[in-house]
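Student: Give me a model of this one.
(chains A and B)
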Amino acid sequence: MLSPMSPVGKMLGSTKSYLKRNMGILIGLLAICVIIAMKSPNFLTQDNIMNVLRQISTNMYLASAMTMVLIAGGIDLSVGSIIAVSGVVAGTLVTDGVPIPLVILICLLLGALCGTVSGAIISTTTLPPFIVTFSMMSILRGITYVYTGGTTVRIDDRNYINLGTGYLFGIPLPVIYLLVVLVIVFIILNKTRLGRHIYAIGGNQKAAEFSGIRVRRVRMFVYIFSGIMGSLAGMVLSARSYSGNPVAGNGAEMDAIAAVVLGGASMAGGYGYIGGTMIGALIIGLLNNGLNLMRIDSYWQIILKGIVILVAVYVDYVKNLKKNKMN
Amino acid sequence: MTSKILLQMEHIHKQFPGVYALKDAHLELLPGEVHAILGENGAGKSTLIKVLGGIYAKDKGEIRIEEEPVSIDSVEDARAAGVSIIHQELVLVPYLSVAENIFLGREPKTKAGFLDRKRMEEDTKKALDEFGLKIAPTTFVADLNIANQQLVEIVKAISFSAKIVVMDEPTSSLADKEVEVLFESIRQLTRRGIGIIYISHRMSELAKIADRVTVMRDGEYVGTRIVKETTTDELIAMMVGRSLTNYYVRTFNDCKETVLTVENLSNAFVKDVNFTLKKGEILGFAGLIGAGRSETMRAIFGVDRIREGKVILNGKEIQGKRTEEIMEAGIGLVPEDRRGEGIFPEMPVRFNTTIKVLRSFIRGIRVNAKKEEEIFEEYTARLSVKTPDGLTPIRSLSGGNQQKVIVGSWLATHPQVIILDEPTRGIDVGAKSEIYSIMNSLVKEGVSIIMVSSDLPEVLNMSDRIAVMCGGRITAILDRTEASQEKIMQNAVQY
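Tutor: As a prediction, the model looks like this:
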């Protein structure tokens, strides 16, 4: 087993360990790519690759934060609803003529606030994170419907729409944000005390307390970060779809959790890597894109996605079983 | 009762990648015998037991039960052959009743195919009565104390009509009185002709309960002795391969300067606790389980809330502060429950060693990996921790080595006061002696130690003074010159 904190300086050296650690899902990812590329010549075009990256970026924001939440031994089901909340709030604010930087700030704060509420309850009580964030999911989704009366908020502001559809150096803006998010999460998990504390709390909360780690603060942090990522995803999604939709992000939390678990993280906490999550999110994103390119019926797509995730996790389980037997 | 030899394990070999865990190991058990296995960590005791229990497959060797060769390839095989193992960690389901636990996986059914609760409970009651246990079969296991849980495990183990019962450190979490109850039930089992394989680190128990003892070292069979005809010294010498001239390492100094003062400390668990700790002193805390010793330490360390009273370290009041601040002020605490509160089991040894001193090598987002490695190596060497490397998960180390890692992780914080709660529980004599010598060198350097321990010889031999607790209060503080087992026990049962 490998240290979760291989320093950036040893990046090249740790490439090998990265490959080794993620061999299973990397092979899966490659297999998916090959199959799609054979069936659909459009798959490997630059346009489509950029398109895929843009599509998966929203899930990856959530998954990056969810990686930290799961490592810390929690779960956040509310992020899908936070997408909707921040989407419709951004929509109405933009339409009301509020300056875009202010809209962004307000939305991010809103996401942070949602995370703070979940985090505060979870870290000060013994209520299970599943139930707390599940309730938040329902409350926030309901608030969005009440706020919009169930209708979609149209967005016409070109500048705002550009946030989700624009490019920088030929790279879609959401992908640029994604790079920033990945770097931030990588740094937190691998280069900071906070990161170690996150692993420690997920590994053994009692021992963390006895080690002088401020458990509550760390738990608060992961939920706040998760909320912020939810609102980022919400804004990008609303900009891309020219609208704040109260149905947006329905089930998004599940895709995020699936990506993290595919990436090798433990649902029980204490174990996980952002690099693994990246591959997990790629697999889920490529599945969606590839099945579309192959013109597979959308109802069947749902079934296939479930099967692929199950197979991937099962393969990983068998691999671990062998490893544990050897020890 | 058969006169046949109950169990023979001969020429057992077992190799793991890189490790020769068992080299020609032997074990022989007679009906009605309590046969102890002694050995340091890594001596191969657990591996031998796991081979017997069908958890590991042996590479070579023969197992005979009642002089018939058997092949044990799975836990089911072992069970069918009459082998029942009671593991160190209890494996009962907390929110099932005693009866449900005993019949777990083989519940009797009524004709209609439903659970036959009545029969389950009646049979359980019968089994419990045989042991004189006054436990209702419908009690949740979670509501029993550890001693009773252990007894339920035993009842469960023999309810599989076991001929051989293996007990792995059954007394490690029991109080003296509970140990007596356990021994009584062991004697009952042997009267029925059941053979007991008994693994324990407590030498003093062997004389009370065991008939013979087999000593192992480095996976090899060293020898078998009849307990009545051997001495502790001989056994220790067999275990470590040399004689330990000085088991309890302690040189006493004059301690004058007061480091820590606790005044009228009270909370939900303790009442009016008063004591002082001097520089370079070991203050032992004796008492029965539940006397409030660990609770006192948790309160001092800021883990539990304090209702009243003062904790003064070097003239500064620190009560009510957060654990983090108390650590910074110079106190460390090695908790009682190593697995539950001490280690991060899945994390690497290095992570466990450095988790309390992250500040010294992580600044902002700059990790000084070299510094971390140095810290890890320094404390691994200082405590002679045996680990393949820094990246091995700590759970794969032996208990003694885990404990040394935790102690090392606290030493890395350079504490003035270190609280050791049951520092040697469940670890072997070699590691124990090492821990004692570490404690001795710490106090020589001027560190003060509070040692909570249920091991009376340990408390008596290592402490400058001994505080005895009972019912949440300190009932006596004895100087080492006046302390004795009797005096401690008198004060430990005052209420």
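
Student: Nearest spatial neighbour of residue 192, chain-adjacent residues omitted?
Tutor: With no chain named, the answer covers chain A. With sequence-adjacent residues excluded and distances taken as CB to CB, 6 or more residues apart in numbering or on different chains, A:Thr192 is closest to B:Ile365, at 5.7 Å. Just so you know, the C-beta spots here come from the backbone N, C-alpha and C atoms, and that holds for glycine as well.

Student: Can you look at chain B instead?
Tutor: Nearest to B:Arg192 is B:Gly32, by CB to CB, 6+ apart, at 7.8 Å.

Student: and the gap between B:Phe160 and chain A?
Tutor: B:Phe160 sits 25 Å away from chain A, going by CB to the nearest CB, to the nearest Å.

Student: Doesn't that residue lie inside a helix?
Tutor: No: going by DSSP: H, G, I helix; E, B strand; the rest coil, the assignment for B:Phe160 is coil, not a helix.

Student: so who does B:Glu295 touch?
Tutor: Listed by CB atoms under 8 Å, 6 or more residues apart in numbering or on different chains, the contact partners of B:Glu295 are B:Asn267, B:Phe269, B:Val270, B:Asp304, B:Gly472.

Student: helix or strand for it, which one?
Tutor: B:Glu295 is part of helix B:293-300 when elements are defined by DSSP states H and E.

Student: Tell me how many other residues crowd B:Arg79.
Tutor: 18 (other CB atoms under 10 Å in any protein chain shown).

Student: My guess is it contacts B:Ile158. True?
Tutor: No: counting by CB atoms under 8 Å, B:Arg79 does not reach B:Ile158; the two are 12.0 Å apart.

Student: Quick check: neighbours shared by those two?
Tutor: With CB under 8 Å, 6+ apart as the test, B:Arg79 and B:Ile158 reach no residue in common.

Student: excluding its backbone neighbours, what's nearest the residue nearest the centre of chain B?
Tutor: Most central in chain B under CA atoms, centre = their mean is B:Gly426, positioned 2.5 Å from the mean C-alpha point. The shortest distance from B:Gly426 to any non-neighbouring residue, by CB to CB, 6+ apart, is to B:Ser172 (4.5 Å).

Student: Contacts only, for that neighbour.
Tutor: B:Gln88, B:Ser200, B:His201, B:Arg425, B:Gly426 are the contacts of B:Ser172 under CB under 8 Å, 6+ apart.

Student: mind putting those residues in a markdown table, secondary structure included?
Tutor: Listed next are those as a markdown table, based on three-state DSSP:
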| residue | secondary structure |
| --- | --- |
| B:Gln88 | coil |
| B:Ser200 | coil |
| B:His201 | coil |
| B:Arg425 | coil |
| B:Gly426 | coil |
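
Student: For B:Gly315, the count of nearby residues, please.
Tutor: If we define neighbours as other CB under 10 Å, then B:Gly315 has 8 of them.

Student: How about the one 10 residues further on?
Tutor: The criterion is other CB under 10 Å. On that basis, B:Glu325 has 13 neighbouring residues.

Student: Quick one: residues in contact with the strand or helix carrying it.
Tutor: Using DSSP H and E, the element containing B:Glu325 is helix B:323-329. For helix B:323-329, contacts defined as CB under 8 Å, 6+ apart pick out A:209-210, A:212-214, B:300-303, B:313-314, B:316, B:318, B:321, B:356, B:413, B:415.

Student: still on that earlier bit, ok but the residue nearest to B:Arg192 is inside a helix, no?
Tutor: No: read with three-state DSSP, B:Gly32 is coil and lies in no helix.

Student: Against B:Ala291, how distant is the closest residue to A:Ile176 other than its chain neighbours?
Tutor: Excluding the flanking residues, the one nearest A:Ile176 by CB to CB, 6+ apart is A:Leu168, at 5.5 Å. Using CB to CB, to the nearest Å, we find A:Leu168 at a distance of 67 Å from B:Ala291.

Student: for the stretch 351-495 of chain B, what are the low-confidence residue spans?
Tutor: Scanning the stretch 351-495 of chain B with the threshold set as pLDDT under 70 gives B:494-495.
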